[in-house]
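Enquirer: Sharing a model prediction with you, sequence too.
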Amino acid sequence: MGEIIYEKHFHKETIEELKKERTDLVEAFGEDAKQAPSFNEIMKKIYSNVTYLALPEREKMAQTFIETAIEISNDYELDIEIEEHLSHISATYYFDCGACMGFLRRIIEMSDDISFFDHIKGFDMVMSLDFYTKAVFKRDRLIQPQWSDLSR
C-alpha cells in the first residue's frame, strides 16, 4: 500500500439528523410544512422561464458520443442506457465497484456533466454522463453546457 500524503473528510448528515431537520421544519411551520408541493408542481417550477438554443455542431457530435458510449459498453461488457432528453443525451453505465476503470476516460472527456449514484437496479455504482445538444438558459442565464462560449 502507498503512503497517504493528504487526507480530508467532510461531515455527512446521518438519517437521524435529516429526520430531526424534518421534524424541526414541521414544528417551525406547522401544517404548512406538511403540505409539500407535488413532484409535478416542483418540476413545473424548475422548467419555468427556460429557453433552449440549438447548437448544430453539438447535435452533429452527439452521434459520436453515442457510438463511443456503446463501443465502451460492448468492449467492457458494461450495462448501459442511452436516453435523449430535450437538451441533452445521457449515457448511463451500471457496474459493480472495481478498479482500473481508466478506459472510461474517453467518454468522460466527451461529456459535459457527470453524476454518480449507488445501488440502483442491483448495481453498486451508476455513472450518468450528459452531452448537451442545446444550450439551456434560465432567466436569460446560461445553465448548461457550462463550458460554452455562450457563457461569456
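Expert: Thanks, I have the structure now.
Enquirer: count of residues packed around the closest residue to Gln144 other than its chain neighbours?
Expert: Excluding the flanking residues, the one nearest Gln144 by CB to CB, 6 or more residues apart in numbering is Val136, at 4.4 Å. Heads up, the C-betas are built off the backbone N, CA and C, glycines and all. Residues near Val136, counting by other CB atoms under 10 Å, number 19.
Enquirer: Could you do Thr133 as well?
Expert: Neighbours of Thr133 (other CB under 10 Å): 23.
Enquirer: Please verify my assumption that it contacts Leu55.
Expert: Yes - in this structure Thr133 lies within contact range of Leu55 using CB atoms under 8 Å: 6.2 Å.
Enquirer: shared neighbours of those two, which are they?
Expert: In terms of CB atoms under 8 Å, 6 or more residues apart in numbering, Thr133 and Leu55 are not both contacted by any residue.
Enquirer: Need the three-state assignment for Tyr94.
Expert: strand (DSSP: H, G, I helix; E, B strand; the rest coil).
Enquirer: hang on, isn't it packed against Phe116?
Expert: No - if you go by CB under 8 Å, Tyr94 and Phe116 don't touch, sitting 11.7 Å apart.
Enquirer: Looking at these two, which is more packed in?
Expert: Using other CB under 10 Å as the criterion, Tyr94 and Phe116 rank with Tyr94 on top: 19 against 8.
Enquirer: Could you pull up the contacting residues of the more buried one?
Expert: So Tyr94 contacts 78-81, 120-121, 123, 125-126 (CB under 8 Å, 6+ apart).
Enquirer: let's see it at 6 Å
Expert: Listed by CB atoms under 6 Å, 6 or more residues apart in numbering, the contact partners of Tyr94 are 79, 121, 123, 126.
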